[in-house]
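K.L.:
model this:
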Amino acid sequence: MTDNFRPIFSFSVISLSRISPDERFRITSETSAARLIPSVRTMGLMQPPLLLKNTADESFTVVCGFRRIAACRELGWSQIGAGILDPGTPESECVKLAVTDNSFQRTLNLIEMSRAFSMLSRIFSDIREMGKEAAALGLPENPAMIRKIQGICLLPEAIQAGILSETVPLPVALELGKFDTDTALGFAHLFEMLKPSLNKEREIITLMKEIAAREDRSVSDIFEENRFREILGDKETDRNQKLREIRIYLRQRRFPAISRAEEIFEQNVKELGLGNTAKLIPPANFEGTEYTLNLSFRNLAELKAHHAMLDSLIQNPSLKKILG
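P.N.:
Okay, here's the model as predicted:
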């Protein structure tokens, strides 16, 4: 990379038909030009796009201004004024111009930052050097962050869309990147439909991975199971209920012994007749012998009622079943 190089360009009016569909310098994740059209229609191109001339076929590659060009096309223009970079302009300078044009106009989202870092990685092999250049271009320079987000622009579009809509948090997106495309898209669709929290998304991914490993099958197979599809396809339940049922179903599959113990415990607790002011809590995962009894009361009379309830509880055969 030549530190003293300064891009040389001239202003020219060119035909839109000569602009190549090549998008290797595209940073923006927004594809619609709708918001620009009223301004371009009224005021024209206040900031002309920057193009790189290709000597091989006399076409032009867009370096900056993809949405501006799209707006002109939608307005039916046949030609535009643009800055034309010298054909000898190094790719490194085109990348810097593309990143700068975007990063100093607005805060880039994660996909846009990923695209910028992906472009810079074509120039820098050392991530610390890349970080220094990134800082000069208005990007974060932390190497750990660069490593983390650099590859997300290569994930399937549905997952990228989930990142932008915040239905797929970055930690989950990075985890999905370890799966094959079909499996990753299955999770993205599921999370878009149910909108679980980050912790619940992680729980679902972990359970499905462990079920697949335990049963020697693929995660994609679980998505196709009848019960899984029935829960998601039930038109009588809302997304919160579907999320709850999916989690219960997966936990039962992953921990059948614990699930069976929970069912037996709940049945015995019902037979105790504790009411709404007392709650019996079993040991975590039914490992151990220590139970907890929570009592709530508002006055002395209610506490005395608990005293009588405890005497009855001690004699209840269902408690003996629970305690073994």
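K.L.:
next up, the contacts around the nearest residue to Asp182 once chain neighbours are set aside.
P.N.:
Leaving aside its sequence neighbours, Asp182 sits nearest to Ser220 (Cβ to Cβ, 6 or more residues apart in numbering; 5.5 Å). No exception for glycine: its C-beta is placed from N, CA and C like everyone else's. By Cβ atoms under 8 Å, 6 or more residues apart in numbering, the residues touching Ser220 are 180, 182-183, 186.
K.L.:
just the ones of those in strands?
P.N.:
Nothing among these maps onto strands, per DSSP state E.
K.L.:
buried ones among these?
P.N.:
Neighbour counting by 16 or more other Cβ atoms under 10 Å classes 183, 186 among the contacts of Ser220 as buried.
K.L.:
reformat the contacts of Ser220 as CSV; add pLDDT and distance to Asn199.
P.N.:
Below are the contacts of Ser220 laid out as CSV (pLDDT from 0 to 100; distance: Cβ to Cβ, whole Å):
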residue, pLDDT, distance to Asn199
Asp180, 91, 24
Asp182, 91, 25
Thr183, 93, 20
Gly186, 93, 20
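K.L.:
now the two most distant members of the contacts of Ser220.
P.N.:
Asp180 and Gly186 (9.8 Å; Cβ to Cβ).
K.L.:
what ranges does the chain have for its strands?
P.N.:
Counting by DSSP E, one finds strands in the chain at the ranges 9-15, 50-53, 60-64, 79-85, 278-281, 292-295.
K.L.:
and those: which comes nearest Gly44?
P.N.:
strand 79-85 (8.6 Å).
K.L.:
put the alpha carbons of the least confident helix or strand in the chain by mean pLDDT into CSV.
P.N.:
Least confident helix or strand of the chain, by mean pLDDT, DSSP states H and E, is helix 256-272 with a mean of 81. Only the C-alpha atoms of helix 256-272 are listed here, as CSV (Å, rounded to 0.1, in the frame of the first residue of the first chain):
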residue,chain,number,x,y,z
PRO,A,256,-36.0,-37.5,29.4
ALA,A,257,-35.3,-38.7,33.0
ILE,A,258,-35.5,-35.2,34.5
SER,A,259,-38.6,-34.5,32.5
ARG,A,260,-40.3,-37.6,33.8
ALA,A,261,-39.2,-36.8,37.3
GLU,A,262,-40.7,-33.3,36.9
GLU,A,263,-44.1,-34.7,35.7
ILE,A,264,-44.2,-37.1,38.7
PHE,A,265,-43.3,-34.3,41.1
GLU,A,266,-45.9,-31.9,39.7
GLN,A,267,-48.6,-34.6,40.0
ASN,A,268,-47.7,-35.3,43.7
VAL,A,269,-47.5,-31.6,44.5
LYS,A,270,-51.1,-31.2,43.2
GLU,A,271,-52.2,-34.0,45.6
LEU,A,272,-50.6,-32.1,48.5
